[in-house]
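Chemist: this one's sequence-less:
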């Protein structure tokens, strides 16, 4: 397309007339099919990038003979797979219908250019909502050791972690969460590019609270992260949504970073109330917190924790996507775009890569596998996101 080209004044008279003309059914149908491929189906950065790529391709094609355009489109579309491949097939159907209806090839190209240059703008709200893509949300991997380990076992695990070859800190952020009694030794021995996290902390300043550990104590030890609201504490120790929300608020106010856990039971999932449950748990945090920059949200379906069952990539992506939409509607578009939502539940070295490839899965909170050498493989799955 020549620089400075204006569709209204510079296009042929027949084109200016046809842009307001009703299409034949076939081109309408093909165009409607194309419009079903929205950012809900395709990672938004890919949708936007390929729309602009198509725009540039189409500009160049307008200067070529008809036969060459057909060959070029075949070669261009063959590079893609999955939803993109389906999108290009639909694009081909639309082009065929359009060219049959409008014999003037240049006029048809101008109309096609006009139609597809509009698409990114039709979805501008979604693009703003997704303006920081998975590339902008650094992959996060937490290792929750729970109530496991002896002094010697801890040293062996730390040694394995220290020797592991993992992606650099600009690709993945790692936090290791041992039991309270091992926090000092792990912090002293662990490699400097890994953080240390506590598994819980008290809801207010320390005092006459036997058995509790305060946020101030963790900070005094140099511990930057804490896990709050884990399902085992919610279900076994009866921690309510409100208590978890209060804990998150206080921990953040003292300077800790928080891995806040949400997730549904099997009964709740089978009843179809998954999103009601996780939304309610997230709401209790959102009502008390305005700055989400130091929160990682961990979706851990209770039915998948320690059971050997794992949410399918599609199931994990569905909940993560819905959580992000909830944040968009109830906090802000920026919080939704920038907050990392990680997955946990029977994660291992065999299933981590497929889960990591999901556009709204920003990392993992790992239980049993974090005590094993395969935890290194799980950390390495961050490369999947980097190369997406």
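Modeler: Yep, that arrived. None of these values were measured; they are calculated from a predicted model.

Chemist: And the residue nearest to residue 182 when sequence neighbours are not counted, what's its pLDDT?
Modeler: Nearest residue to residue 182, sequence neighbours excluded (C-beta to C-beta, 6 or more residues apart in numbering): residue 154, at 5.0 Å. The C-beta positions use only the backbone N, C-alpha and C, and glycine is treated the same way. Turning to residue 154, the model gives it a pLDDT of 98.

Chemist: Going forward, count from 12.
Modeler: Renumbered: residue one is now 12, and that last one reads residue 165.

Chemist: Hmm, residue 196 and residue 165 touching each other?
Modeler: Yes: contact criterion C-beta atoms under 8 Å: residue 165 and residue 196 qualify, at 6.3 Å.

Chemist: what about the two, which has more around it?
Modeler: Legend: neighbour count by other C-beta atoms under 10 Å for residue 165 and residue 196, higher for residue 165 (20 against 14).

Chemist: From residue 324, how far off is the more buried one?
Modeler: Look at residue 165 and residue 324: by C-beta to C-beta, to the nearest Å, they are 32 Å apart.

Chemist: try residue 391
Modeler: According to C-beta to C-beta, residue 391 stands 18 Å off from residue 324.

Chemist: what about these two, which has more around it?
Modeler: Neighbours per residue (other C-beta under 10 Å) separate residue 391 from residue 324, with residue 391 holding more: 20 against 17.

Chemist: so what's the more buried one up against?
Modeler: Counting by C-beta atoms under 8 Å, 6 or more residues apart in numbering, residue 391 touches 176, 177, 178.

Chemist: Secondary structure element holding the second one?
Modeler: Following DSSP states H and E, one finds residue 177 outside all helices and strands.

Chemist: Let me know whether it touches residue 392 as I believe.
Modeler: No: under the criterion of C-beta under 8 Å, residue 177 makes no contact with residue 392, lying 10.2 Å away.

Chemist: Between those two, which is the more surrounded one?
Modeler: Neighbours were counted for residue 177 and for residue 392 using other C-beta under 10 Å; residue 392 has more, 25 against 21.

Chemist: wait, the more buried one sits on residue 365?
Modeler: No: distance between residue 392 and residue 365: 9.0 Å, which falls outside the contact criterion (C-beta under 8 Å).

Chemist: all strands of this protein, in order?
Modeler: In the chain, the strands defined using DSSP state E lie at 150-155, 183-188, 205-209, 236-239, 268-273, 306-310, 351-354, 374-377.
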